[in-house]
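Asker: Pasting the sequence and the predicted model now:
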2 protein chains.
Amino acid sequence: MIKVVAKGYAQEDKVNEIIEICKELVELTRKEEGCISYELYQDINDSTILTFVEEWESQEALNKHMKTEHFTRIVPIKNKLMAKPTEINIYNKAI
Amino acid sequence: MIKVVAKGYAQEDKVNEIIEICKELVELTRKEEGCISYELYQDINDSTILTFVEEWESQEALNKHMKTEHFTRIVPIKNKLMAKPTEINIYNKAI
């Protein structure tokens, strides 16, 4: 199992639009083979911080996800509304 | 439900020691009331990045956690072995 944390920084006036755009991405991604969980979170102290927390069965499943039609179509649209690049970390469980 | 992502940066030669120290913290925290999940992850590309991903039933439960004997005892020991301050974000689920 691998965990992904993708921390994004939205433009201040685009937060709700980004969340709307991400709904389709989340819905379709949750149906993918190898996707254990895929959730979008909003920071309680800074509403412009939007972070995906994801669990995948394998690196292969994650790689496939990043080549899907919905990922390659929706993520570039979302990224145009972000204030700076998303910080992505991929993790193995330590404890 | 709230999600916590606490991203820590270990000193290079202290990574394994930190993981060992955190085992007791993880074990005791998982027994706390209001703790849904509490896991430590290690970045697959940079082994010095050690990140807690946590789920709590409420902000109250998280506040109580940070006052427990095990938290106030173990976290300062761990922090002395880190390279820089841990970045903590607290989230609500957006999708």
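Answerer: That came in fine, so what should we check first? Residues are numbered from 1 along each chain as shown, chains lettered A, B, ... in the order given.
Asker: and residue A:21, how many neighbours?
Answerer: Here the number of neighbours of residue A:21 (other Cβ atoms under 10 Å in any protein chain shown) works out to 16. Glycine gets a C-beta too; all of them are placed from N, C-alpha and C.
Asker: what's the pLDDT at the nearest residue to residue A:25 once chain neighbours are set aside?
Answerer: Setting aside the residues directly before and after it, residue A:25 is nearest to residue A:74 in space (Cβ to Cβ, 6 or more residues apart in numbering or on different chains), at 4.4 Å. As predicted, residue A:74 sits at a pLDDT of 98.
Asker: Helix or strand: which one has residue A:74?
Answerer: helix A:69-79 (DSSP states H and E).
Asker: mind checking the SS state of residue A:46?
Answerer: coil (DSSP: H, G, I helix; E, B strand; the rest coil).
Asker: could you say what helices and strands the helix holding residue A:74 packs with?
Answerer: helix A:15-29 (3 or more Cβ pairs under 8 Å, 6 or more residues apart in numbering or on different chains; DSSP states H and E).
Asker: Go again with 10 Å.
Answerer: strand A:2-10, helix A:15-29, strand A:82-93 (3 or more Cβ pairs under 10 Å, 6 or more residues apart in numbering or on different chains; DSSP states H and E).
Asker: Quick check: bridge partners of the residue nearest the centre of chain A?
Answerer: The residue lying closest to the centre of chain A (Cα atoms, centre = their mean) is residue A:52, at 3.9 Å. For residue A:52, the beta-bridge partners under DSSP bridges are residue A:6, residue A:40.
Asker: I'd assumed residue A:40 was in contact with it.
Answerer: Yes. Assessed by Cβ atoms under 10 Å, residue A:52 is found in contact with residue A:40 at 5.5 Å.
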